[in-house]
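In: Build me a model from this:
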Amino acid sequence: MGRMGQSGHDDYAVVVTRQDGRWEAALLPDRLVGDLDGLIAALRQQPSDNGAIGLVNVEDEFFVATRVDRGGTIRYLLSDVTAAVAWELAADVCDRLDIDIPADDDLDDVWPAGDLSLFSDLGLDEMALGALLSDLDAYADEQLLSLAQACGFASAFERAVDAVLL
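Out: From the prediction side, this is the model:
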């Protein structure tokens, strides 16, 4: 849900799957933007060749990427740990990753947390993802689009996100 529980117009959650060699993406209900357990449950229900990817943009400030594989393993990536100070979703991801929420006086730096190899099998290795996340001039939605382009599902992702922007 946005900053301490309020959803903004820039918030969205998208599920990305690959079926029969084709990428598909769909918008998830708004309520899942702030509900990590609900997001994971929705990802588990998706038919897919190799699991589902959840991408959540919160007010263009940060994003969460979650991947649930067919075996049920859940992996997380949070684009900015400092978001956990103000947003419950980011704090929930930090909790799952067993990472302390930064102190208020430690908010000058932006740093990602979680599995930087989350998309390695899709052509986005840890170094490239790290470089994408270190672009402090890019908004979260721009980072997600760059991520989608590097992984090969940009057109499906953009179609899903366009529904939010209309």
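In: Could you pull out the strands in this protein for me?
Out: Under the criterion DSSP state E, the chain contains strands at 12-19, 22-27, 52-58, 62-68, 74-78, 113-114.
In: Could you name the helices and strands sitting against the second one?
Out: To tie it back to what came earlier, the one meant is strand 22-27. Packed against strand 22-27, as judged by 3 or more C-beta pairs under 8 Å, 6 or more residues apart in numbering; DSSP states H and E, are the following elements: strand 12-19, helix 154-165. Placement of C-beta: from N, CA and C, glycine included.
In: what about 10 Å?
Out: Helices and strands touching strand 22-27, by 3 or more C-beta pairs under 10 Å, 6 or more residues apart in numbering; DSSP states H and E, are strand 12-19, strand 52-58, helix 140-151, helix 154-165.
In: CA atoms only for stretch 59-76 - export them in CSV, please.
Out: The C-alpha coordinates for stretch 59-76 follow below in CSV (Å, rounded to 0.1, in the frame of the first residue of the first chain):
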residue,chain,number,x,y,z
GLU,A,59,5.2,5.6,-6.1
ASP,A,60,8.2,5.4,-8.5
GLU,A,61,10.4,5.5,-5.3
PHE,A,62,11.4,1.8,-5.1
PHE,A,63,10.5,-1.6,-6.5
VAL,A,64,10.2,-5.1,-5.2
ALA,A,65,10.9,-8.1,-7.4
THR,A,66,9.8,-11.5,-6.2
ARG,A,67,10.2,-14.8,-7.9
VAL,A,68,8.4,-18.0,-7.0
ASP,A,69,9.8,-21.0,-8.8
ARG,A,70,7.9,-24.2,-9.6
GLY,A,71,9.4,-25.9,-6.6
GLY,A,72,8.0,-23.1,-4.3
THR,A,73,11.3,-21.4,-3.6
ILE,A,74,10.7,-17.6,-3.1
ARG,A,75,13.4,-15.1,-3.9
TYR,A,76,13.3,-11.3,-3.3
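In: and it, average pLDDT?
Out: Averaging pLDDT along stretch 59-76 yields 94.
In: ditto for stretch 129-143
Out: pLDDT averaged over stretch 129-143 gives 93.
In: can you tell which of the strands of the chain is closest to Ala138?
Out: strand 62-68 (10.7 Å; C-beta to C-beta).
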